[in-house]
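Participant: Fold the following for me, if possible:
(chains A and B)
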Number of protein chains: 2
Amino acid sequence: MTYCVGLKLNAGLVLLSDTRTNAGLDNIASYRKMFFFQQPGERVIAIMTAGSLSLTQTTLARLEEATEGEEADETSSILKAPSMLRVASIIGDTLARTRREIVEQHRELSQQATASMIVAGQRKGGDMRMFLIYPEGNFIEATEDTPFLQIGEHKYGKPILDRVVRPETSLADAQKAVLLSMDSTLRSNLSVGMPLDLAVIEKDACAITMRRRIEEGDPDFMQMSAAWSAALRDSFAKVSLGRQDE
Amino acid sequence: MTYCVGLKLNAGLVLLSDTRTNAGLDNIASYRKMFFFQQPGERVIAIMTAGSLSLTQTTLARLEEATEGEEADETSSILKAPSMLRVASIIGDTLARTRREIVEQHRELSQQATASMIVAGQRKGGDMRMFLIYPEGNFIEATEDTPFLQIGEHKYGKPILDRVVRPETSLADAQKAVLLSMDSTLRSNLSVGMPLDLAVIEKDACAITMRRRIEEGDPDFMQMSAAWSAALRDSFAKVSLGRQDE
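Facilitator: Predicted coordinates for the structure are as follows:
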């Protein structure tokens, strides 16, 4: 499995993904699930992926190929598309087309290849936008009311996001929130695993502001995780249940 | 959907279930999902159910019928079975048989009827035991290492249980833990809903020690939920992320 989460806040975009890939429990590997396409200052696009690795890798390779060469134009290259909406649409179309091909190849095995993606970014002069792209190529967008999107194993880490993430949340708090959301997921689901990729894209920078790989045993992450556990236990001890609790 | 959780602790059993049933989003009703069979002081059995309502109701009705009348014996009546293991086995068999019948009736619709149950209890002279019964009738048991079992929409409420529930947890803390686990689930999934049924079975009482229905707007629950939210936000503010956080 996978867990990726993206926040679209007033101050910028915050993205976090794990790296664990498995084909059965005895075949576990690390693959990056966060990818960037950028012309710093002009345009930045981040893509996070969940699902079948062959499908997401092929889709990414095609998107990349479409940005190169002479024939790269605004209908095919996400680095030339005139809006983030068009970017999402190109990515959705590429994902859906690749998926249909793989499903066709696998027909006799009746296996399903499926994948979803979070696409976030901004081009100069446009707004920051963030989309969740479904396997069929359609998508939804993060809004003021729902400033975060998740793909993969999303349930364990949702309660903390529901409670603390608002459009006005600071970028520092947002990084804490996604890391604590990941921490809950790592504890509850073995198929989501370290290392993690964390990135911040400040509003109007049109470039990656901060990017960091958090390795297994990272002292900052371990310290935060331990402090959060301790704080939760303290909070738990303090909360009273009214009449049950005498 | 449904969320039911049971804890098997050194001090006793703690059970919590929601009551929401839906057939589509526009057909929502409340049904009890926690049931008791007891001869106080001799034997107490609690059953919590998740899944197809027609399947769980019919299974419960059959279990009840099998405890009545002259032919009720230790092979068919969960009030006469010689051990909690046999109780789980009778319930599992009844569930699986009822399920096969309903699936057979629905064959032409190719609809799936499925349900799972948590069974917890104790008979005089025996140990407290708690089982999760699968739709096929097989089951797993709560242990020292895994003192809680969940059915239904279990992921949102698992992180808090992972963090605070241990076999030595007190019954008061255990009630807090299951209610906070439910609180997270209620916030994140609309198809789990109030009112809630909470029950405590103290070790060796062989009877229900405490049973309470928590209605929508219950002041104790609301106060606890608000206090927990505030405590989480405080904890969140206090936890620091190392170098990100300057």
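Participant: How about the residues of chain A by chain B?
Facilitator: A:155-156, A:158-160, A:162-164, A:172-173, A:175-177, A:179-180, A:184, A:187-188, A:219-221, A:223-224, A:227-229, A:231-236, A:238-245 (CB under 8 Å from any CB of the partner chain). The way it works is simple: take the backbone N, C-alpha and C, and place the C-beta from them, glycine included.
Participant: remind me which residues of chain A are low pLDDT?
Facilitator: A:23-25, A:109-111, A:242-246 (pLDDT under 70).
Participant: Would you map the helices across it?
Facilitator: Counting by DSSP state H, chain A has helices at residues A:53-67, A:84-105, A:158-164, A:171-188, A:219-238.
Participant: contact partners of the shortest one?
Facilitator: With contacts defined as CB atoms under 8 Å, 6 or more residues apart in numbering or on different chains, helix A:158-164 is touched by A:5, A:148, A:150, A:173, A:177-178, A:180-181, A:184, B:156, B:159, B:184, B:187-188, B:229, B:232-233, B:236.
Participant: In it, which residues are buried?
Facilitator: Buried positions in helix A:158-164, judged by neighbour count with 16 or more other CB atoms under 10 Å in any protein chain shown: A:158-161, A:163-164.
Participant: one step back: only whichever of the residues of chain A next to chain B are buried, select them in ChimeraX.
Facilitator: Burial among the residues of chain A next to chain B is assessed by 16+ other CB under 10 Å; the matching ChimeraX selection reads:
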select /A:155,156,158,159,160,163,164,172,173,175,176,177,179,180,184,187,188,220,221,224,228,229,231,232,235,236,239,241,244
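Participant: re the thing from before, dump the buried residues of helix A:158-164 into a markdown table; add distance to A:M84 as well.
Facilitator: Formatted as a markdown table, the buried residues of helix A:158-164 follow (distance: CB to CB, whole Å):
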| residue | distance to A:M84 |
| --- | --- |
| A:K158 | 25 |
| A:P159 | 29 |
| A:I160 | 27 |
| A:L161 | 22 |
| A:R163 | 28 |
| A:V164 | 26 |
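Participant: any idea which of those residues is closest to B:R129?
Facilitator: A:P159 (30.3 Å; CB to CB).
Participant: Quick check: the residue nearest to A:K33 when sequence neighbours are not counted vs A:P135, distance?
Facilitator: Leaving aside its sequence neighbours, A:K33 sits nearest to A:S17 (CB to CB, 6 or more residues apart in numbering or on different chains; 4.3 Å). Distance, A:S17 to A:P135, by CB to CB, to the nearest Å: 18 Å.
Participant: The two - which one has more neighbours?
Facilitator: A:S17 (29 against 19; other CB atoms under 10 Å in any protein chain shown).
Participant: ok, the more buried one - contacts?
Facilitator: A:S17 neighbours (CB under 8 Å, 6+ apart): A:2-5, A:32-34, A:48, A:196-197.
Participant: what's the distance between it and A:L196?
Facilitator: 7 Å.
Participant: again, but for A:M182
Facilitator: 6 Å.
Participant: One more: A:G41?
Facilitator: 27 Å.
Participant: more crowded one of those two?
Facilitator: When A:G41 and A:L196 are compared for neighbours, A:L196 comes out ahead with 25 against 11, by other CB under 10 Å.
Participant: what is that one paired to in the beta sheet?
Facilitator: A:I214 (DSSP bridges).
Participant: again with A:S30
Facilitator: Beta bridges link A:S30 to A:R20, judged by DSSP bridges.
Participant: How much space separates it from chain B?
Facilitator: In this view, A:S30 and chain B are 22 Å apart by CB to the nearest CB, to the nearest Å.
Participant: Ok, A:D127 next?
Facilitator: Taken as CB to the nearest CB, the span from A:D127 to chain B is 25 Å.
Participant: Next: A:I78.
Facilitator: In terms of CB to the nearest CB, A:I78 sits 29 Å off from chain B.
Participant: ok, now which ones touch the closest residue in space to that residue that isn't next to it in sequence?
Facilitator: Residue nearest to A:I78 in three dimensions, not counting chain neighbours: A:V87, with 4.7 Å by CB to CB, 6+ apart. Contact analysis of A:V87 by CB under 8 Å, 6+ apart lists A:45, A:78, A:81, A:119, A:121.
Participant: what's the neighbour count on A:H106?
Facilitator: Count around A:H106 with other CB under 10 Å applied: 14.
Participant: which non-adjacent residue is nearest it?
Facilitator: Looking at A:H106 with CB to CB, 6+ apart, the closest residue is A:A113, at 6.4 Å.
Participant: Could you work out the end-to-end span of stretch A:151-167 for me?
Facilitator: 20 Å (CA to CA, to the nearest Å).
Participant: Report the distance from that stretch to the chain centre.
Facilitator: Relative to its chain's centre, stretch A:151-167 lies at 12 Å (CA atoms, centre = their mean, to the nearest Å).
Participant: Fine by me, we can end here.
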